[in-house]
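Undergrad: requesting a structural model of the entry that follows:
(chains A and B)
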There are 2 protein chains.
Amino acid sequence: MTSEPAADRAEWGAPGSPHRTREEQVLDRIDRVRRRKAVVKEERITLAHGSGGRATQTLIQAVFLEEFGNPLLAPLEDGATLRLGDARTAFTTDSFVVSPLFFPGGDIGDLAVNGTVNDLAMCGARPGYLAAGFILEEGFLVADLRRIVASMAAAAAAAGVSIVTGDTKVVQRGKADGCYITTTGVGVVERPVELSASGARPGDAVIVSGPMGDHGAAIMVARGEFDLESPIVSDTAPLHGIVSALLDALPGHVRTLRDATRGGVATILNEVAAASRVAVVVEEKALPVRPEVTGVCELLGIDPLYVACEGRFVAVVDGAHAGRALEALRRHPLGAGAAIVGTIRDDPPGLVLLRTAFGGTRIVDVLVGDPLPRIC
Amino acid sequence: MTSEPAADRAEWGAPGSPHRTREEQVLDRIDRVRRRKAVVKEERITLAHGSGGRATQTLIQAVFLEEFGNPLLAPLEDGATLRLGDARTAFTTDSFVVSPLFFPGGDIGDLAVNGTVNDLAMCGARPGYLAAGFILEEGFLVADLRRIVASMAAAAAAAGVSIVTGDTKVVQRGKADGCYITTTGVGVVERPVELSASGARPGDAVIVSGPMGDHGAAIMVARGEFDLESPIVSDTAPLHGIVSALLDALPGHVRTLRDATRGGVATILNEVAAASRVAVVVEEKALPVRPEVTGVCELLGIDPLYVACEGRFVAVVDGAHAGRALEALRRHPLGAGAAIVGTIRDDPPGLVLLRTAFGGTRIVDVLVGDPLPRIC
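TA: Below you'll find the predicted structure:
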């Protein structure tokens, strides 16, 4: 497991101004590290490059943004918002390589549909149409494919979207792992919203829409590597309905929406802190986690803050309207477990701080390795 | 090699009405076979399911259309055309699994960009924005990824499109084959065109925009399995410019546009014959093929009609305007080798007939196996 924060690896004893406190020196150093131009030091791709954490961010900055750089891609939101004719359109893609393909609560099919529906919802869009690209391994059971496709169709119907175009490729036995699916979605942003990870302001409230880590914990148990039995099921679900309820309840007061998939809630909070140049202060006691998920995570030495959800999101809203936001979320079946978990402050910018149940404070950093590869 | 036509496998001696000629009986039988409900008989996915030929069509009909069925997907064009706000938008996706990743004339990167740009162009759209999903294998060289991404950026710039959103997943060593890329594109259909494989009418002319099979032949040689050396390079190129020139020259007279990728020109012609319920009659002498491509194909026992292009398309146009279409194409650098290769007739509906250089006629059927897996 390599979920320890990167800051632990920094040279804490580096010299600084004698007039600054030790804490200030540490924060300065973290800030300098974060501002450095991203460089991929590895010669070869590692699983960490797919974690959603620091290695992924470095790869995106140093390779993809370096080459593709344009104003629409640069914000690195869950999707791009662009103009097509007079329509403000959200556009998002995700490849799914989850293992196993079938797990308690879902399969790669509904995961692929809900994941893309949710990225559209996080842009404030009404999900409209999906494209699906399949990469199949020679020898894959047609019955399994049929089951996955049926599950995609059911998820699409439930979310009110149509799968309108697709592609199928087959690679030789051993050149893939059964079935990979890439879903891409388009939807129209009908409300005058400006949602962005860079929109958080001091005084805002941070809300999590429900228990954290159900999907990741379900996958870990389903892999059977740990000889665990547990009733945990994936939380995979389409979030556009509950997002709509929130936006209706708080017109103009929702700053940021991000679904907490790879890298979990901790990764989203770090993205908000970095993009908005604010501090995110989280109360450990307020974080919603099911006891059975806590149990699995403790056994495996993983912090639930880093474990993927597939039906939960983080919302940053105007602090003055946090109570109303929570009410709106809790009235929706997918938000019964919603909780206000923290606040936005101006200092120290770029950091996520956790106030622990024991009264201490620790930095919650971005994942360095990948404790849970192929979670989605 | 299994590129023989399916008709060869039908039971030619089946009993029929004694009053019908043998040819009529054969055509009746082919028609019955084609009208049968599609059923996937294989228990497991085979390479043929990725060929673009008969097995792919059966899989799409029996699994994907069966579950996803909706009016936008049903026509199975290169992309779906849908309404987003007031914009008529084309939407298309393709997964790329080409092997090798680098080949004479291109790599998986520019192939992935051009492939999706071309599918938008075939819908009559101005390509606008692309999404890119990467599935990387643990251990893949970062330098190779960088080269591919740079090639995508150059292709996007050349085609005037922006890559605005993306995703990166990493799978364990041995669970993929270096790098797979899924590109999805959106673009606005600005002209009042109605392009469709079902739009061909008797009297129309069939045009191929340039030499056939360059891409497939280049890949075959690049694989090095056949110990061939050849100067053939892939024809991967963005086709929206030449398509625009054609549509400007023949407003209202272009019926069908399809880029001839997997399965080559023969597959496209079969799709047109089936969707339009017409006969496509092709003159072998008129088919443009480079001598070096003919040479490679002869050595490998493959008909160039079935070999993939990545920078050529088939156009069906009003026969009265065929000359003007050819002139417009030939004026464009990518259309210097364009040729009128055949005509649309009403009978026998659903079939592609080739008039050979020796004066005979043979049926050009859909591919049954896949002579060239992972060509794109």
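Undergrad: the bottom helix or strand of chain A by mean pLDDT?
TA: Here the helix or strand of chain A ranked lowest by mean pLDDT, DSSP states H and E is helix A:22-35, holding a mean of 68.
Undergrad: contacts (any at all) between chain B and the helix or strand following it?
TA: Counting by DSSP states H and E, the next helix or strand C-terminal to helix A:22-35 is helix A:54-59. Yes. Counting by Cβ under 8 Å from any Cβ of the partner chain, chain B has neighbours in helix A:54-59: A:Thr56, A:Leu59. Bear in mind the C-beta positions are built from the backbone N, C-alpha and C, glycine included.
Undergrad: which strand runs longest in chain A?
TA: The longest strand of chain A (DSSP state E) is strand A:126-137.
Undergrad: what's the first helix or strand after that strand?
TA: Later in the chain than strand A:126-137, the nearest helix or strand by DSSP H and E is helix A:142-159.
Undergrad: show me which residues of that following helix are buried.
TA: Residues of helix A:142-159 classed as buried: A:142, A:144-146, A:148-153, A:155-156, A:159 (neighbour count, 16 or more other Cβ atoms under 10 Å in any protein chain shown).
Undergrad: go back to these and keep what's next to chain B.
TA: Filtering those for neighbours of chain B using Cβ under 8 Å from any Cβ leaves A:Val142, A:Leu145, A:Arg146, A:Val149, A:Ala150, A:Met152, A:Ala153, A:Ala156.
Undergrad: once you drop chain neighbours, what's closest to the first one?
TA: Of all residues not flanking A:Val142 in the chain, B:Val40 sits nearest, at 5.3 Å (Cβ to Cβ, 6 or more residues apart in numbering or on different chains).
Undergrad: correct me, but that neighbour touches B:Ile60?
TA: No. Counting by Cβ atoms under 8 Å, B:Val40 stays clear of B:Ile60, with 10.1 Å between them.
Undergrad: just the C-alphas of stretch A:240-252, formatted as PDB.
TA: In PDB, the C-alpha atoms belonging to stretch A:240-252 read as follows (Å, rounded to 0.1, in the frame of the first residue of the first chain):
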ATOM      1  CA  HIS A 240     -28.100  13.700 -12.600                       C
ATOM      2  CA  GLY A 241     -31.400  13.500 -10.700                       C
ATOM      3  CA  ILE A 242     -29.900  14.300  -7.300                       C
ATOM      4  CA  VAL A 243     -27.600  17.000  -8.900                       C
ATOM      5  CA  SER A 244     -30.700  18.600 -10.500                       C
ATOM      6  CA  ALA A 245     -32.400  18.700  -7.100                       C
ATOM      7  CA  LEU A 246     -29.400  20.400  -5.600                       C
ATOM      8  CA  LEU A 247     -29.100  23.000  -8.400                       C
ATOM      9  CA  ASP A 248     -32.800  23.700  -8.200                       C
ATOM     10  CA  ALA A 249     -32.600  24.300  -4.400                       C
ATOM     11  CA  LEU A 250     -29.500  26.500  -4.600                       C
ATOM     12  CA  PRO A 251     -29.600  28.500  -7.800                       C
ATOM     13  CA  GLY A 252     -26.300  30.400  -8.100                       C
END
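Undergrad: quick one: contacts of it?
TA: Stretch A:240-252 is contacted by residues A:117-118, A:120-122, A:124, A:126-127, A:159, A:191, A:193, A:209, A:254, A:257, A:313, A:315, A:317-318, A:321, A:324-325, A:327-329, A:331-332, A:334-335 when judged by Cβ atoms under 8 Å, 6 or more residues apart in numbering or on different chains.
Undergrad: PyMOL command for the buried members of those?
TA: This is the PyMOL syntax for the buried subset of these, where burial follows 16+ other Cβ under 10 Å:
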select buried, chain A and resi 117+118+120+121+122+124+126+127+159+191+193+209+254+257+313+315+317+318+321+325+328+329+332+334+335
